[in-house]
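Q: When you get a sec, could you give me coordinates for this:
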Amino acid sequence: MNSPSRARHLRDALLTWEPGVLAALVQWARDLPADWPGRVFGAGRVETALEAEPRSPYYAEVAPPTRRAAHFHECPACTDSPILLCRWHDGYEAAWREARDILRATIALQPATTVEALWDRLRAADEAEITGEFEDAVDRLIEESR
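A: Modelled structure (predicted):
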């Protein structure tokens, strides 16, 4: 991927995931002096700097990892900190903890309920929320649980 394409990708990711950082970078770029390419890159023209090779094979990736992306042990953002997960993996783990808690609470209240049936109910509620029928779906879930 060339520099302009990577810049667009990074801009789009920042706009989606870190809009405040994007705004700070835009402000910083506006404040650069006219001769910044020479000062920063030792090049008199921006076009020369655009052709510069990356200094590292790893560059700042702001977008969340793909599904096939590795476990948090292989995530560059997670390995930067020995204590904390990156925001994406932290959110992913929090979602699974919440799902686990819902499963445990439901099974404690209704031991005959299977995990598959509960997932079907949760999926139906999610679909109903998307289509605007959430309240009806909640009422149905309450009736089914009685």
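Q: Buried residues of stretch 24-41, list them for me.
A: Of all the residues in stretch 24-41, those buried under the rule 16 or more other CB atoms under 10 Å are Pro37. The C-beta positions use only the backbone N, C-alpha and C, and glycine is treated the same way.
Q: what's the first-to-last distance across that stretch?
A: With CA to CA, to the nearest Å as the measure, stretch 24-41 spans 21 Å from end to end.
Q: And that stretch, how far out from the chain middle?
A: Put simply, stretch 24-41 sits 29 Å off its chain's centre (CA atoms, centre = their mean, to the nearest Å).
Q: One more: stretch 107-119?
A: The answer for stretch 107-119 is 30 Å, by CA atoms, centre = their mean.
Q: Report the mean confidence score over that stretch.
A: Stretch 107-119 shows a mean pLDDT of 82.
Q: Kindly report the same for stretch 22-31.
A: Taken as a whole, stretch 22-31 has a mean pLDDT of 89.
Q: in whichever strand or helix holds Trp88, what counts as buried?
A: Taking DSSP states H and E as the definition, Trp88 sits inside helix 87-109. By 16+ other CB under 10 Å, the buried positions in helix 87-109 come out as Trp88, His89, Thr106.
Q: what's the nearest residue to the last one if we skip its chain neighbours?
A: If the residues on either side of it in the chain are set aside, Thr106 comes closest to Leu118, at 5.3 Å by CB to CB, 6 or more residues apart in numbering.
Q: For that neighbour, the count of nearby residues, please.
A: 16 (other CB atoms under 10 Å).
Q: I'd say it and Arg100 touch.
A: No. In this structure Leu118 lies outside contact range of Arg100 using CB atoms under 8 Å: 11.5 Å.
Q: Could you list the residues in contact with the helix holding Trp88?
A: Contact partners of helix 87-109, identified using CB atoms under 8 Å, 6 or more residues apart in numbering, comprise 17, 64-65, 72, 75, 77-78, 84-85, 113, 115, 118, 122, 145.
Q: Widest-spaced pair of the residues you listed?
A: Spatially, the most separated pair among the contacts of helix 87-109 is Ala77 and Ser145, at 40.4 Å (CB to CB).
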